[in-house]
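Participant: Could you look at this predicted model? Sequence included:
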Amino acid sequence: MNVIISEESKVIRERLAEMLLSIGKIEVTQLVNSTRKHCETILKTKPDIIVIGIKMSVEECIDKMNLINKITPDTRVIILSSYPYQQMKEECKQLGIIHFFDKYTEFDKVIDVCKELFYKDKAKKEI
């Protein structure tokens, strides 16, 4: 399973990567929120999951989701937000984002979701 971490905070990127790598056969690509680099990395790696750290802007999220849906429509997206307002959660849900977490209080849920997706994918491949 290939996971991209698109998050500005180096501390959060490194912590997420460390936790994800402890799950097992997961390859992690970390990058900063540069749109050009984000696009290049998605094209090159065709990730199974992208964890995106967003600030306050719903537009930022919409732009990234449109890009992801064009390049790899099967990629699952997890949002980590510093501003987990209900409106933003609803907007993200309309974009097809199922997992939206508060960066500061729900950080560990990202790992739980990735584990769940990893084992579901693994079970599908074994069938």
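Facilitator: That came through, no problem. This one's a predicted model, so the numbers in the text were calculated from it and none came from an experiment.
Participant: Flag the shaky bits of the chain, pLDDT-wise.
Facilitator: Residue ranges of the chain with pLDDT under 70: 32-36, 56-58, 127.
Participant: Helices of that one, residue ranges please.
Facilitator: Taking DSSP state H, the helices of the chain run over residues 10-21, 35-45, 58-71, 86-94, 107-126.
Participant: Quick check: residue 3 touching residue 26?
Facilitator: Yes - Residue 3 is within contact range of residue 26, at 5.9 Å (criterion: Cβ atoms under 8 Å). (Glycine included, C-beta is placed from N, CA and C.)
Participant: any common contacting residues for those two?
Facilitator: Common contacts of residue 3 and residue 26 (Cβ atoms under 8 Å, 6 or more residues apart in numbering): 20, 114.
Participant: who has more neighbours, the two?
Facilitator: Counting neighbours by other Cβ atoms under 10 Å for residue 3 and for residue 26 shows that residue 3 has the greater number, 27 against 18.
Participant: which stretch among the helices of the chain comes nearest residue 100?
Facilitator: helix 86-94 (4.9 Å; Cβ to Cβ).
Participant: what angle separates that closest one from helix 58-71?
Facilitator: 10 degrees (axes from the mean of the first three to the mean of the last three Cα atoms, to 10 degrees).
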